[in-house]
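Q: starting from these lines, generate the structure:
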Amino acid sequence: MKKALALLLSLVLAISAVKGVLLCVSYADPTFEIDTPLEVSLLSPENNQTFSANNVSVTFTINLFDVPFAPALVKYSLDDGLQEDIPLGTYQPFSFTLTGLPEGRHSIQITAIPPGGTGTFINHITHKYTIGHSGNVFFTVDTVPIVVSIMSPKNNKTYNTNFVPLNFVISEPASLIEYNLDGQANMIINGNTTLPELPYGSHNMSLYATDNAGNFGASETVLFTVVPEEPTSEPFPTTYSMGFVAVIVLVLLGAIVYVLKRKR
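A: Okay, here's the model as predicted:
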């Protein structure tokens, strides 16, 4: 019995030793590897950002395991077009400038290519460095000034009310709308409104708007006047006046008839 137990124990120890050797061999096997893409982060432009200039600065970083990494080559693609090389500086974040961009919506993607055959051995795994992408980032170029037109009050018009409506039209959505009345501080509004109670006399006002890209627009200055409402006179009672005239005519006729009879 003791010999059987000893034999069994020897067998178990032998199997464990063989497993350990095989496990070490598998960990050390250089063919056991995974693809590890470079980490490309596009810092600027931000997604859905709007610019009021045709030149846009692009800033990005390239990391691997959260540590800055120097790739062999970096390219960018604008509006899903052909890739263009990016000259890299010495330190991160890297940056370059897109110039002469047309009006409208654009997209950009950064691609980082590692040196050929590079990788690292971490925790018994060979990490083979592969191409990394930032993903598409969308942005808009808008350099056209916003157009502002005042519909009311009308220029050189006289109003018989102290409460004059302010109605206007702008050419695109605005992030800020203000009006200036008689040179006072600008007042912010969200849309058509009624001017606060105005004193009698002459007034002037202008309207300003800023679009989402920061482009500024101003209306022409409008001049207008506020005067008291003219009182309405009571209409003369026509029926009463005609009756009064008829009485006078009858009296005169009676007087004439009386005088003629006396002369006879």
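Q: which secondary element of this structure has the worst mean pLDDT?
A: helix 2-28 (a mean of 51; mean pLDDT, DSSP states H and E).
Q: next secondary structure element downstream of it?
A: Sequence order places strand 33-37 as the next helix or strand after helix 2-28, per DSSP states H and E.
Q: can you classify Ile248 as helix, strand or coil?
A: helix (DSSP: H, G, I helix; E, B strand; the rest coil).
Q: same question for Leu198.
A: Quick answer, by three-state DSSP: Leu198 is coil.
Q: now the nearest residue to Ala218 once chain neighbours are set aside: how far from Leu176?
A: Among residues not flanking Ala218 along the chain, Tyr208 sits closest, at 5.1 Å (CB to CB, 6 or more residues apart in numbering). Where C-beta positions appear, they are placed from N, C-alpha and C, glycine not excepted. Using CB to CB, to the nearest Å, one gets 8 Å for the distance from Tyr208 to Leu176.
Q: need the contact list for the residue positioned nearest the centre of the chain.
A: With distances taken as CA atoms, centre = their mean, Asn212 lies nearest the centre of the chain, 4.1 Å away. By CB atoms under 8 Å, 6 or more residues apart in numbering, the residues touching Asn212 are 50, 142, 173-175.
Q: go on, Asp211?
A: Applying CB under 8 Å, 6+ apart, the residues contacting Asp211 are 142, 146, 172-175, 217.
Q: for the residues you listed, which single residue is the most surrounded?
A: Within the contacts of Asp211, most neighbours by other CB atoms under 10 Å means Ile146, with 22 neighbours.
Q: got the residue ranges for the strands in the stretch 101-250 of the chain?
A: Secondary structure of the stretch 101-250 of the chain by DSSP state E, counting those that start in this stretch: the strands cover 104-113, 119-122, 125-130, 132-133, 137-141, 148-152, 157-159, 165-170, 174-181, 187-188, 193-194, 201-211, 216-218, 222-226.
Q: pull up the pairing partners for the third one, direction included.
A: Which is strand 125-130. strand 33-37 (parallel), strand 119-122 (antiparallel) (DSSP bridges).
Q: how about the longest one?
A: Strands flanking strand 201-211 in the sheet, each with its direction: strand 174-181 (antiparallel), strand 216-218 (antiparallel), strand 222-226 (antiparallel) (DSSP bridges).
Q: for those strands, which one sits closest to Asn55?
A: With CB to CB as the measure, strand 216-218 is the member of those nearest Asn55 (19.1 Å).
Q: for stretch 114-125, how far is the first residue from the last?
A: 19 Å (CA to CA, to the nearest Å).
Q: give the rounded mean pLDDT of it.
A: The pLDDT scores in stretch 114-125 average 72.
Q: related to what we said a few turns ago, of the contacts of Asp211, closest to Glu84?
A: Of those, the one sitting nearest to Glu84 (CB to CB) turns out to be Asp142, at 23.8 Å.
Q: thought the closest one was touching Asn54?
A: No: using CB atoms under 8 Å, Asp142 is not in contact with Asn54; the gap is 10.2 Å.
Q: domain map for this protein?
A: According to automatic domain parsing, the chain is divided into the following domains: 29-141, 148-226.
Q: and those domains as CSV, adding distance to Ile248?
A: Converted to CSV, the domains of the chain look like this (distance: least, CB to CB, whole Å):
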stretch, distance to Ile248
domain 29-141, 83
domain 148-226, 40
